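Chemist: coords below, sequence missing:
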């Protein structure tokens, strides 16, 4: 009963089946295959626009490569202080961009506020040769705090970025959870809201290891093939990445899986929030729950073998996945209730 | 009937089955799982030495990361002029090392000769601050020409490298084909012959996308975890890389698959070499055949739908894989014979 | 009457004379000359320890090269939020280190407080492969705010850094002003206080363009020659850098020049602080003065042709140099007084 | 009597005087000064075209920065195998470009032949994602062998480069010697012959340390200010670089100095070539002489205290400078003659 992360889950049966099917016969290598061709068509349909698609295997690769396409070595990239690209990628964006600087901004519930971004960009010494130059904004959707930007919120931030000449990247490692939560068109919360490039994640939501860098402005992707290759992220047997992603977006699987994860997080939140002393830290809008619980309850849950992170003292992070069992959720809540009553 | 490359083949059933099995249940992420633990034990047994093992998904990643562990930004890396790291990785070694220089050396049949290496290293301006400093030797096994270094040949080259203070890397994208060809212990042609780090390939020989960086000198790997992460090659669901590699080395699968590929190349070579005007270019010691054929034969094979590369004018490259069908080999030879007689 | 910066001043006559003298005759290039040899001896004497010395031409080069010797590409470098390396070098440290991350910390009067550093380092996820690893502390002496760390303050910060495994760099672009202010031995505020490498600045204090990277732990400098050369900072006619630096430290010239600049800043501070509405922002301990003045006074000074920066709204930065004329200081104060009385 | 290199010479009196003069008074920093403004005007006049000018202090900086403006990290740069950028800059071009690959080509007398370049570019796998992409040609003028490209030769090579989509850089560390030798307009052998960017050297020909990166296509320089700053080559007291360069091109000083050096090389060549057993290796067209002499003559010259490099066995390299004394040349020739007569 492991709520450590959504990446502790295995792969969805549909995706495994797609891999097995894709393995039949020979196929051109390095992306000249049918799966990759179809994937581009499918994502273009999904996003209601001709997009350029580059499958890679890790979210960090998707992010770092996308940012390198947007920011020169002397650029700066604005992001939330808790953004994965800043806090959890060991400098991959710096490596891939050739040394661009990340500018971390604070924001409640994991979200950047327009005023914060605006103030930071006003302060930035544009055209001043001694300082890195604002080049990109990176938004995380869903955020590291388990919250979700609305299309209007994304649009407001993108508009500020655009006014200052920045391009907009979206880290969508949990994009499915966000879209399932919003119930909007994927287009509404991306290019229609000003996003130029999306890291479209599948790994956390049922793939084995597959993400797609999706360019809404295809001109930005002119050199991307070289970037991906020299970063060692061009797969020879590309069909095995594309097949995962194709299955992922076929028949709404991605939203189906994410919807389940979201509901399990909701159920967990509802159950735990009712306990005495429980204090949710952020709104639960996707598949992550941050909640403060009394120490004896936490210790008891740990002793009972439930897996989760202590985020900060008495605050827990619990993450649900595409295959989290409702029984496990209920068991955790019941155990916590017993401990709480105890 | 595609002989373009061994990477046009799909994945071996045993490896697909291992993926499906690995997908059951939750597992710790980022390599703290059982599959990765077992893989290290298995490779240590296979190589008769405690090794440090880092799974990655592409051969270029394995090579570039390994080289970055051996060469500083002001280092130089000696390799064959046709080495994949020099000719086919779009500068990945340069990116990962922070700008080290590759020094390409000529050599017949894809192999470096001791005298050539020795002469190049004698010429190198060691300690001269204006020049990059020799840091590593990279050998490809099996070579780009489909030939194989014997343990004694590797040892001779490594000894020269070592005498000049260089570390030794082996690009083993087709290591299985080489070992199957040599019939020796994997240890004999690696660390016992002076190799420090091996890119142990599986992708071309039946995996979907999995390679292991194997450190024989584990001290060299102290920082490797950081290098891999910031290069975006640390998989969250690592078990899916390790499970591929574990299946690959279980019950000799890797040598079984490679042995088949080698035999098919041998059969192709025997069949084609007998034709009038045929001139094999290199000895066929692994799963690649380079052969000059009369132009009408080549054109006829192309017209008949056989897939292969024209390497250089009338020289073809034909590559066999773990699942190349003997019937396809025979069909190609028969067609060529008919064209030749025609 | 230009108080924009100390780099608007020309070069001291002693230093120009040294250049002219050094130009006589031929000399070995790239640092194998007598001036460079003597410089190392002089700096070893000055610092009461055998040091390794590498002249370069800009402060940014000294800093970025020194930091690259201390931090790996996956390292992090702790510094004040206003540090030149973070705010004013357009990412040079990122370029030279290969992508290390700077961690800006707040601190009053331009100085880091031990508690702030300690807390930041406690929070740092050491050994966590997803995060950059704390590698170096960089202190600016004198600070960007015109204040000076005492030897005890440097020692306290270095001790914290050392306890967490970090090396210590000092950006001494205005090191002379700091030492002239402290009246201590240069050793007391550097290696005796835990500093490993110093960017020993001369440009702002009377040189044309000359800085020395001074390694107190010479083992750290093993590869530095290669770093400097490939960063294009190895001068062929090195004698012209070394001659500047030699003259700079001969007969106490450096402290004589800095002492004058400091006194002029003091005089300026005393004069302006006495005005109604004047509010000094930081203690004036070196050659920079930050002071808030009533807007009409500022505007009047600007109209009268005095040069300075508006740092932030009504706060001015005024910088004095080795050759700032007392008459100019007095003129500025008198004008301000008249405007104030106005 | 040192013929080791032209960088063993000091600085020309006119340039030292310009430095001293430039030191008077205050001046805006970082290039907003009068000297820099005038320099751009002077070089625009000299080159008969509006050029963008960026002074730096070393030839390696000029070259590496210029190349970084022309080649992306996945680019390749074609040059002569003996080019300084390939053999003598310790990987600076690789560092500055972010890992571009240098492609060394052979060529007699230090010069690239059109056929060689053409063949290399025909072979280059353009648009092939696995290989670095041809981006720039770098020509050295005068060459490392002391020879000079004629305007027609430069134009022929540039035309080939241009046809393949490459930009053209000229390493003009000894540009003055080349132009003095050719007697042509500087424009004829640069932009009129297809050169996009020139490293305009002064250091070897009488400056202390000053080079200008000259962009003939000013659009290419849009980001150059950021590149120079973050490479730590933006001087705060820029006037001291610009003043050197201004004096250098005032009243034809640069050609006057280079002409002297060339004549001294010519005189040396004439004197030594007449000796029995002497074999000049390359035409002497600038200020370098490569000549094979009998071993007893070489040994005797060394014993007599003459300074030069043994380039390769019995081949000497002798370099003359702006201030080489004719008496020293004659003394060397006379000594050699006496040794030769035995």
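Modeler: Nice, I can see it. Here the structure is a predicted model, which means the values were calculated and not measured.
Chemist: which parts of the stretch 101-250 of chain A sit against chain B?
Modeler: By the rule C-beta under 8 Å from any C-beta of the partner chain, the part of the stretch 101-250 of chain A lying against chain B is A:203-204, A:208-209, A:226, A:229-237, A:240-241. Every C-beta, even on glycine, is put in place using the N, C-alpha and C of the backbone.
Chemist: what about the helices in chain A?
Modeler: Secondary structure of chain A, counting by DSSP state H: helices at A:13-22, A:34-46, A:59-70, A:84-87, A:92-97, A:114-123, A:151-163, A:175-182, A:224-230, A:239-249, A:253-273, A:295-303, A:326-341.
Chemist: Looking at those, which one is packed in the most?
Modeler: helix A:92-97 (a mean of 29; mean count of other C-beta atoms under 10 Å in any protein chain shown).
Chemist: Now do the same for that one: mean pLDDT, whole number.
Modeler: Across helix A:92-97, the average pLDDT comes to 98.
Chemist: Not counting its own residues, what contacts that helix?
Modeler: Defining contact as C-beta atoms under 8 Å, 6 or more residues apart in numbering or on different chains, one finds that helix A:92-97 is touched by A:60-61, A:63-65, A:67-68, A:71-73, A:75, A:77, A:85-86, A:100-102, A:227, A:231, B:229-232, C:73, C:94, C:98-101.
Chemist: Hmm, residue A:204 is touching residue A:173, no?
Modeler: Yes. Using C-beta atoms under 8 Å, residue A:204 is in contact with residue A:173, at 5.8 Å.
Chemist: Now do the shared contacts for those two.
Modeler: Shared contacts of residue A:204 and residue A:173, counting by C-beta under 8 Å, 6+ apart, come down to residue A:59.
Chemist: which secondary element of chain A has the worst mean pLDDT?
Modeler: Within chain A, no helix or strand scores below strand A:309-312, which has a mean of 89 by mean pLDDT, DSSP states H and E.
Chemist: Spell out whether stretch A:125-141 and chain C are in contact.
Modeler: Yes. Under the criterion of C-beta under 8 Å from any C-beta, chain C is reached by stretch A:125-141 at A:129, A:130, A:131, A:132.
Chemist: okay, those residues in JSON lines with distance to residue B:160 and neighbour count next?
Modeler: Below are the residues of stretch A:125-141 next to chain C laid out as JSON lines (distance: C-beta to C-beta, whole Å; neighbours: other C-beta atoms under 10 Å in any protein chain shown):
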{"residue": "A:129", "distance to residue B:160": "48", "neighbour count": "19"}
{"residue": "A:130", "distance to residue B:160": "49", "neighbour count": "18"}
{"residue": "A:131", "distance to residue B:160": "49", "neighbour count": "22"}
{"residue": "A:132", "distance to residue B:160": "45", "neighbour count": "29"}
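Chemist: Just give me the closest of these to residue C:271.
Modeler: residue A:130 (30.0 Å; C-beta to C-beta).
Chemist: other SSEs contacting the least confident helix or strand of chain A?
Modeler: Applying 3 or more C-beta pairs under 8 Å, 6 or more residues apart in numbering or on different chains; DSSP states H and E, we find strand A:309-312 packed against strand A:315-319.
Chemist: helices or strands up against the strand it packs on?
Modeler: Counting by 3+ C-beta pairs under 8 Å, 6+ apart, the packing neighbours recorded for strand A:315-319 are helix A:253-273, strand A:288-292, strand A:309-312.
Chemist: Can you give me the distance of the residue of the stretch 1-150 of chain A found nearest chain D to residue A:55?
Modeler: Checking the stretch 1-150 of chain A residue by residue against chain D with C-beta to the nearest C-beta singles out residue A:74 as nearest, at 4.0 Å. For residue A:74, the distance to residue A:55 equals 30 Å [C-beta to C-beta, to the nearest Å].
Chemist: JSON lines for the residues of stretch A:125-141 next to chain C, including distance to residue A:310 and pLDDT?
Modeler: Listed next are these as JSON lines, based on distance: C-beta to C-beta, whole Å; pLDDT from 0 to 100:
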{"residue": "A:129", "distance to residue A:310": "45", "pLDDT": "96"}
{"residue": "A:130", "distance to residue A:310": "42", "pLDDT": "97"}
{"residue": "A:131", "distance to residue A:310": "38", "pLDDT": "97"}
{"residue": "A:132", "distance to residue A:310": "35", "pLDDT": "98"}
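Chemist: what's the closest of these to chain B?
Modeler: Checking the residues of stretch A:125-141 next to chain C against chain B by C-beta to the nearest C-beta gives residue A:132 as the nearest, at 19.3 Å.
Chemist: The closest one and residue D:200, how far apart?
Modeler: Residue A:132 is 29 Å from residue D:200, where distance means C-beta to C-beta.
Chemist: Next: residue A:252.
Modeler: Distance, residue A:252 to residue D:200, using C-beta to C-beta: 63 Å.
Chemist: of the two, who's got more company?
Modeler: Each of residue A:252 and residue D:200 has its neighbours counted (other C-beta atoms under 10 Å in any protein chain shown); residue D:200 has more, 29 against 13.
Chemist: residues touching the residue nearest the centre of chain A, list them.
Modeler: By C-alpha atoms, centre = their mean, chain A has its centre lying nearest to residue A:173, at 2.0 Å. Neighbouring residues of residue A:173 by C-beta under 8 Å, 6+ apart: A:59, A:84, A:140, A:199, A:201, A:203, A:204, A:211.
Chemist: and those, which two are the farthest apart?
Modeler: By the measure C-beta to C-beta, A:140 and A:203 form the most distant pair in the contacts of residue A:173, at 15.1 Å.
Chemist: Who has more neighbours out of those two?
Modeler: Using other C-beta under 10 Å as the criterion, residue A:140 and residue A:203 rank with residue A:140 on top: 29 against 25.
Chemist: dump the residue contacts of the spatially closest residue to the more buried one that is not a sequence neighbour.
Modeler: Leaving aside its chain neighbours, residue A:140 sits nearest to residue A:171 (4.5 Å; criterion: C-beta to C-beta, 6 or more residues apart in numbering or on different chains). Listed by C-beta under 8 Å, 6+ apart, the contact partners of residue A:171 are A:59, A:63, A:83, A:84, A:85, A:138, A:139, A:140, A:141, A:199.
Chemist: please redo it, this time with the cut-off set to 10 Å
Modeler: A:59-60, A:62-63, A:66-67, A:79-80, A:83-85, A:89, A:138-144, A:198-199, A:201 (C-beta atoms under 10 Å, 6 or more residues apart in numbering or on different chains).
Chemist: do stretch A:48-64 and chain D meet at all?
Modeler: No. Stretch A:48-64 lies out of reach of chain D by C-beta under 10 Å from any C-beta of the partner chain, never closer than 11.1 Å.
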